[in-house]
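**Q** Sequence first, then the predicted structure, then my questions.
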Amino acid sequence: MGEHLCRPCHSREKAKSLGKFICQRCHLAIDEQALMFKNDPYHPDHFNCSHCGKELTADARELKGELYCLPCHDKMGVPICGACRRPIEGRVVNALGKQWHVEHFVCAKCEKPFLGHRHYEKKGLAYCETHYNQLFGDVCYNCSHVIEGDVVSALSKAWCVNCFSCSTCNMKLTLKNKFVEFDMKPVCKRCYERFPLELKKRLKKLSDMTSRKAQPKSVDINSV
């Protein structure tokens with residue numbers, strides 16, 4: 001035998017069975033898109049814009065406890081989150097040509113918020129360092145960070161321009177310098193000349209085994 005229900009309860013049960021929202025003002029099912037106000041669903045036409053008085057639609061925006069139509073809200077200059085499309089009243093993240101809630105600006109791969117940490121951009125998306133490296137990046141052999149600018153390719157490795165230097169004296173090397181490989185790192189010609197004779201002989205022998213250069217003691221980076 002069926003239960004006898006009042007109109008609000010009947011509407012609530014019917015909407016629940018259909019997977020619809022119940023308006024918190026008239027207690028009827030919401031057939032179209034609901035207007036969310038203070039986390040509760042309503043028929044949009046129950047409200048008017050707090051600025052111009054126009055009847056609202058589901059596109060209305062809530063700001064400081066008041067509802068505004070979209071044109072009036074936009075005129076107020078309040079930033080809209082690029083993810084949730086809701087107003088940002090607190091801290092704003094500016095990135096990718098948009099504005100975001102801090103918690104909504106996330107890595108496109110792992111979806112973890114950056115929370116102020118560094119991000120890397122590629123084709124309109126943002127990535128954390130780990131996933132940018134896995135998908136696209138060159139990592140500097142010296143500092144282990146993703147290389148954002150020019151890449152120096154030498155000794156079968158990638159280097160930041162500022163990190164590519166003599167491993168002995170730290171003198172910065174350029175693409176025109178000569179160097180030798182020692183312990184998988186570059187050594188400038190001046191430091192190489194100071195090496196013990198036996199060490200230089202071993203390096204020369206190794207160089208002779210791996211290349212047929214005319215000058216086995218040095219390697220022109222342009223030929224690497």
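**A** Arrived safely, thanks for sending. Numbers count the residues shown, from 1 in each chain.
**Q** contacts, neighbours, all on C-alpha from now
**A** OK.
**Q** List the residues that contact Trp142.
**A** That one is not Trp; residue 142 is Asn. 159-160, 163-164 (C-alpha atoms under 8 Å, 6 or more residues apart in numbering).
**Q** most residues in a single helix of the protein, which one?
**A** Using DSSP state H, we find that the single longest helix of the chain is helix 197-210.
**Q** most centrally placed residue in the protein?
**A** Residue closest to the average C-alpha location in the chain (C-alpha atoms, centre = their mean): Ala126, at 2.6 Å.
**Q** how about CSV for the contacts of Asn142, with distance to Ser207 and secondary structure added?
**A** Formatted as CSV, those follow (distance: C-alpha to C-alpha, whole Å; DSSP: H, G, I helix; E, B strand; the rest coil):
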residue, distance to Ser207, secondary structure
Trp159, 22, strand
Cys160, 25, strand
Cys163, 24, coil
Phe164, 21, coil
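**Q** Filter the residues you listed down to just the buried residues.
**A** Among these, those buried by neighbour count (16 or more other C-alpha atoms under 10 Å) are 159-160, 163-164.
**Q** about what we covered before: closest to Pro87 among the contacts of Asn142?
**A** Nearest to Pro87 out of the contacts of Asn142 is Cys160 (C-alpha to C-alpha; 39.9 Å).
**Q** Just grab the bridge partners of the closest one for me.
**A** Beta-bridge pairing for Cys160 (DSSP bridges): Val151.
**Q** Tell me which helix or strand in this protein has the weakest average pLDDT.
**A** Lowest mean confidence among the helices and strands of the chain (mean pLDDT, DSSP states H and E): strand 219-220, at a mean of 48.
**Q** is it fair to say Ser153 lies in a strand?
**A** Yes: according to DSSP: H, G, I helix; E, B strand; the rest coil, Ser153 belongs to a strand.
**Q** and the gap between it and Leu56?
**A** Per C-alpha to C-alpha, to the nearest Å, Ser153 is found 60 Å from Leu56.
**Q** ok, Phe21 - contacts?
**A** 15, 29-31, 34, 41.
**Q** which one of these is nearest Leu206?
**A** The shortest gap between Leu206 and any of those belongs to Ala34, at 74.1 Å (C-alpha to C-alpha).
**Q** Which secondary structure element is home to Cys191?
**A** helix 189-193 (DSSP states H and E).
**Q** buried stuff in that helix?
**A** 189, 192.
**Q** related to what we said a few turns ago, now, which of the buried ones among the contacts of Asn142 sits nearest Glu148?
**A** Of all those, Glu148 sits closest to Cys160, with 8.2 Å by C-alpha to C-alpha.
**Q** quick one: the closest one and Gly53, what's the gap?
**A** 58 Å.
**Q** Likewise for Cys166?
**A** Distance, Cys166 to Gly53, by C-alpha to C-alpha: 71 Å.
**Q** Comparing Ser153 and Leu56, which residue is more hemmed in?
**A** Ranked by neighbour count (other C-alpha atoms under 10 Å), Ser153 and Leu56 place Leu56 first, with 21 against 17.
**Q** Wait, the more buried one touches Ser50, no?
**A** No: using C-alpha atoms under 8 Å, Leu56 is not in contact with Ser50, being 9.7 Å away.
**Q** Overlap in contacts, the two.
**A** Any residue near both Leu56 and Ser50 by C-alpha under 8 Å, 6+ apart counts here, and that gives Tyr68.
**Q** Any buried residues in stretch 87-100, and which?
**A** In stretch 87-100, the ones that count as buried by 16+ other C-alpha under 10 Å are 87-88, 92-93, 99-100.
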